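Novice: Sharing a model prediction with you, sequence too.
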Amino acid sequence: MDYKQLIIETIDSKKEYYYDLAMKLHDHPETAYNEVQACKWFTEALKENGFDVEVGPYGMPTAIRATWGSGHPVIGLLAEYDALPGLSQRQNTVHDPVIEGGPGHGCGHNLLGTATLAAALGMKADLEASGLPGTIVFYGCPAEEVLTGKPFMARGGAFKELDLALAWHGGGYNMVHYGIAGGINSAIFHYKGVAGHASGAPWLGRSALDACELLSVGANYLREHIPDKSRIHYSYIEAGEAPNIIPDSASVWYYVRGLSRESIDDIYGRLVETAEGAAKMTGTKLTVEFLGGCYNTHATKVVSDLLHDVLAELPPIEYTQEERDLATALAKTSPRYKGDDPLPTFVLPNTWYESSGSFDLGDVQHIVPCGLFSTLTWPAITGNHNWQATCCTGNSIGLKGMMQGAKAMAIAAGRAFREPEFLKAAWDEFDKVIGKDSYKCPIPMDVPVPQPVYDERSEQDEKAPKAKAGCFLKLAEKRYSVRKFKDQPVEQEKIDAILRAAQVAPTAANFQPQKILVINSPEAIAKMPECTRYTFDAPLFFLTCIDHSKVWVRKQDGKNGADVDAAIVHTHMMLEAEELGLGSVWVGSFDPAAARKAFNIPDNIEPIALLPVGYPAEDAEPSPLHSKNKPIEELAVYNTF
Ligand SMILES: Cc1cc2nc3c(=O)[nH]c(=O)nc-3n(C[C@H](O)[C@H](O)[C@H](O)COP(=O)(O)O)c2cc1C
Ligand SMILES: [Zn+2]
Ligand SMILES: [Zn+2]
């Protein structure tokens with residue numbers, strides 16, 4: 001059988017398997033550097049198919065390097081599997097997230113990883129059947145969406161081993177990416193100033209937010225004096241807490257894009273000087289956190305032409321009416337829609353383009369001849385990085401494009417295995433245009449590879465929570481009993497927020513029997529030592545009480561709900577205090593009768609728990625008891641004791 005036909009049949013024979021894998025990835029989206037589950041699934045699949053698999057090479061826990069075969073040519077395939085934050089979406093033609101604000105495969109890397117696996121297995125079948133020499137290298141490339149994954153891999157030595165690299169990405173057209181797309185530098189500018197009362201004593205403060213704003217003003221003037229198709233964009237990641245507090249800490253995250261490394265380095269250098277100027281102007285201190293960077297892409301013509309030929313030779317994808325209707329409905333969500341065919345099946349001509357958008361494939365393209373092509377996986381009108389794309393990468397439109405991409409990748413590799421003159425021509429062009437061994441990783445050695453936020457726990461302790469620690473768990477883990485406070489009052493806004501937490505706490509039958517005594521006047525505080533020795537000189541106390549005329553009582557055994565309701569309310573307040581940057585300690589050991597007397601507490605009201613609150617002293621620290629947690633196996637039993 002013709003090798004092309006063999007590849008097509010091999011890939012088609014496992015269609016259901018690839019569809020399942022792509023859908024599993026789609027339903028389990030993991031963002032950049034957190035692709036723990038995706039990495040496991042690909043590792044399993046590669047091992048089952050006889051590849052030698054290295055998991056976590058280059059200091060990157062979610063990277064993979066898997067090889068099969070021997071000798072030259074050595075052909076690398078570049079799989080990606082990270083998702084994008086905020087792009088969760090169900091199968092729907094209106095915005096309908098599975099999880100509000102959750103991640104989603106709006107760039108189709110679920111398809112990308114799977115197509116690359118399918119191509120690798122197609123190539124293996126071809127080499128087995130033909131007996132040709134050759135090595136397949138499957139790279140699992142983390143974190144494409146933050147554009148630093150492949151540069152970190154390259155820094156660790158990846159891709160140099162190759163004679164050729166091939167990459168596929170979903171797209172709005174069937175096409176080859178022959179041209180240049182921008183490279184990038186990514187950095188966060190952190191400013192530290194001096195906090196103060198924005199109205200009472202503004203002259204004493206130095207605003208870190210002012211520094212960010214002046215940097216942005218400077219950057220926006222800089223914009224006019226940079227080469228065409230360069231880009232500067234930013235997003236504030238910390239910008240103060242409240243208008244009446246001069247922000248002593250603020251940060252802004254910048255991307256600088258350009259069509260060559262020289263251009264990016266030049267613009268970035270000028271931006272750093274602008275940032276230093278902003279620090280000078282505001283009397284603040286600047287720290288630059290360089291997150292990474294990548295090269296511009298630069299496709300080799302010889303490889304692009306080969307990919308184009310292969311793509312044009314494949315039978316075009318056929319769509320059902322249902323798929324066409326869905327694509328049209330999605331296309332109509334775009335104001336650009338003018339009735340164009342949302343699912344074109346032709347292959348675009350292979351014409352050179354220059355674009356400012358970036359892929360981190362540029363680094364690979366500066367190490368070896370490397371081509372990139374797309375097949376249609378979403379309507380061109382709607383594009384990607386949006387919910388419409390997440391929808392299509394989870395249905396047959398995306399899955400069909402994925403299969404087409406896998407076949408084209410494996411067939412292109414098949415030609416490279418058979419045509420030594422093709423590889424020679426690719427390298428001749430590469431040497432002339434890019435230059436062999438010219439690559440210098442844009443990320444210095446001292447910038448650490450970001451690590452998965454929950455990798456260690458899930459790897460080392462099978463019983464530890466697999467879910468990513470969200471904000472709540474982080475807050476709960478951070479809180480400890482603070483028993484030493486600064487001599488500094490707590491602002492009324494913060495007292496209000498703590499009382500709001502008490503207000504929204506659940507209570508039995510929503511009877512809301514809680515009554516909170518706020519103690520913050522000097523006279524009231526002076527009475528505290530009569531009630532408890534655990535005052536810790538706090539500037540503020542909350543005494544959580546329960547009104548017994550409003551308490552829910554359990555019918556079955558007459559159990560009174562007062563303590564449970566009070567505990568929930570008190571816990572809410574304690575955690576809100578933590579979130580506000582305050583410290584607190586639950587005090588159960590106080591004299592209720594003394595409290596009654598000191599604060600005129602009526603008979604039907606029972607004081608249950610006391611919460612001293614304040615700003616933790618500089619030398620406040622957790623007691624040894626804080627870190628003594630029972631193992632989860634000891635505290636939880638499943639289903640029955
Ligand atoms: C119901 C209850 C009563 C408590 N009473 C006191 C108290 O009277 N004095 C005190 O210093 N800490 C008290 N604590 C704090 C605990 O000792 C503390 O939460 C525990 O040792 C765990 O430490 P951590 O809060 O730093 O994690 C109390 C905690 C609870 C939940
Ligand atoms: Zn992508
Ligand atoms: Zn993307």
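Specialist: That came through fine. Residues are numbered from 1 along each chain as shown. Ligands and ions are numbered 1, 2, ... in the order given.

Novice: which parts of this protein sit against ligand 1?
Specialist: Within the chain, the positions near ligand 1 by CB under 6 Å from any ligand atom are Y480, S481, Y534, V585, W586, V587, G588, S589, P622, S623, L625, H626. In this view, the C-beta of every residue, glycine as well, is placed from N, C-alpha and C.

Novice: Show me the strands in the stretch 51-200 of the chain, by range?
Specialist: Taking DSSP state E, counting those that start in this stretch as the test, the strands found in the stretch 51-200 of the chain are 52-55, 64-70, 74-80, 134-141, 164-171, 175-176, 179-181, 183-192.

Novice: Arrange those strands in TSV, one row each, with mean pLDDT and mean neighbour count as further columns.
Specialist: Rendered in TSV, the data for the strands of the stretch 51-200 of the chain read as follows (pLDDT from 0 to 100; neighbours: other CB atoms under 10 Å):
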stretch	mean pLDDT	mean neighbour count
strand 52-55	97	16
strand 64-70	98	21
strand 74-80	98	26
strand 134-141	98	26
strand 164-171	98	26
strand 175-176	98	24
strand 179-181	95	21
strand 183-192	97	24
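
Novice: List the contacts of T274.
Specialist: With contacts defined as CB atoms under 8 Å, 6 or more residues apart in numbering, T274 is in contact with L215, G218, A219, L222.

Novice: one more time with 6 Å, if that's ok
Specialist: Residues in contact with T274 (CB atoms under 6 Å, 6 or more residues apart in numbering) are L215, G218.

Novice: Angles on the backbone of it, please.
Specialist: Backbone torsions for T274, taken as degrees, to the nearest 10, come to phi -60, psi -40.

Novice: With ligand 1 as the reference, measure out to it.
Specialist: For T274, the distance to ligand 1 under the criterion CB to the nearest ligand atom, to the nearest Å works out to 45 Å.

Novice: any idea how far that residue is from I267?
Specialist: Plainly put, T274 is 10 Å away from I267 if you go by CB to CB, to the nearest Å.

Novice: what about D437, how many residues close to it?
Specialist: In terms of burial, D437 registers 9 neighbours under the definition other CB atoms under 10 Å.

Novice: no no, M1
Specialist: 9.

Novice: One more: S216?
Specialist: Quick note: S216 (other CB under 10 Å) scores 18 neighbours.

Novice: The closest residue to I64 other than its chain neighbours bridge partners, please.
Specialist: Ranked by CB to CB, 6 or more residues apart in numbering and with sequence neighbours excluded, the top spatial neighbour of I64 is G140, at 2.9 Å. Following DSSP bridges, G140 is listed with bridge partners I64, A79.

Novice: which residues does G140 contact?
Specialist: Contacts for G140 (CB under 6 Å, 6+ apart) come out as F42, A63, I64, A79.

Novice: rerun that using 8 Å as the cut-off
Specialist: G140 makes contact with C39, F42, T43, T62, A63, I64, R65, A66, A79, Y81, G113 under the criterion CB under 8 Å, 6+ apart.

Novice: So for T274 and I267, which residues contact both of them?
Specialist: Taking CB under 8 Å, 6+ apart as the contact rule, the neighbours common to T274 and I267 are L222.

Novice: Three-state assignment for the nearest residue to T333 once chain neighbours are set aside, please.
Specialist: Beyond its immediate neighbours in the sequence, the residue positioned closest to T333 (CB to CB, 6+ apart) is Q388, lying 6.1 Å away. Classification of Q388 using DSSP: H, G, I helix; E, B strand; the rest coil returns helix.

Novice: how many other residues sit next to Q388?
Specialist: Here the neighbour count serves as a burial measure; for Q388 (other CB under 10 Å) it reads 25.

Novice: ok, now which ones touch it?
Specialist: For Q388, the set of contacting residues under the criterion of CB under 8 Å, 6+ apart consists of Q89, L330, T333, S334, W378, P379, T382.

Novice: try Y221
Specialist: For Y221, no contacting residues are found, by CB under 8 Å, 6+ apart.

Novice: what's the angle between the helix or strand it falls within and strand 183-192?
Specialist: Using DSSP states H and E, Y221 maps to helix 208-222. Relative orientation of helix 208-222 and strand 183-192, computed by axes from the mean of the first three to the mean of the last three CA atoms, to 10 degrees: 150 degrees.

Novice: And the pLDDT at the closest residue to ligand 1 within the stretch 1-150 of the chain?
Specialist: Here the stretch 1-150 of the chain gets closest to ligand 1 at one residue, N34, 27.9 Å apart by CB to the nearest ligand atom. Looking at N34, its pLDDT reads 94.

Novice: just the one 10 residues further on next, same as before
Specialist: We note a pLDDT of 97 for E44 in this prediction.

Novice: In a helix, it, correct?
Specialist: Yes - counting by three-state DSSP, E44 is part of a helix.

Novice: Okay, the residue of the stretch 301-450 of the chain found nearest ligand 1 and E80: tell me how far apart.
Specialist: When CB to the nearest ligand atom is the measure, the stretch 301-450 of the chain has its nearest residue to ligand 1 at P450, with 29.3 Å between them. When distance is defined by CB to CB, P450 is 16 Å away from E80.

Novice: do the same with S230
Specialist: As judged by CB to CB, S230 and E80 stand 25 Å apart.

Novice: What of W253?
Specialist: For W253, the distance to E80 (CB to CB) stands at 22 Å.

Novice: what about A119, how many neighbours?
Specialist: A119, neighbours per other CB under 10 Å, totals 28.

Novice: doesn't A410 make contact with it?
Specialist: Yes - A contact is recorded between A119 and A410 when judged using CB atoms under 8 Å, the distance being 4.4 Å.

Novice: residues shared between the contacts of those two?
Specialist: By CB under 8 Å, 6+ apart, A119 and A410 have these common neighbours: I11.

Novice: where in the chain is pLDDT low?
Specialist: Counting by pLDDT under 70, the chain contains low-confidence residues at 454-470.

Novice: so what are the domain limits for it?
Specialist: 3-179+313-433, 183-294, 481-614 (automatic domain parsing).

Novice: Comparing these, which comes out most buried?
Specialist: Ranked by mean neighbour count under mean count of other CB atoms under 10 Å, those are led by domain 3-179+313-433, which reaches a mean of 21.

Novice: Any chance you could list what contacts stretch 42-52?
Specialist: Residues external to stretch 42-52 that are found in contact with it (CB under 8 Å, 6+ apart): 21, 53, 55, 64, 66-68, 79, 81, 113, 117, 120-121, 124, 136, 138, 140.
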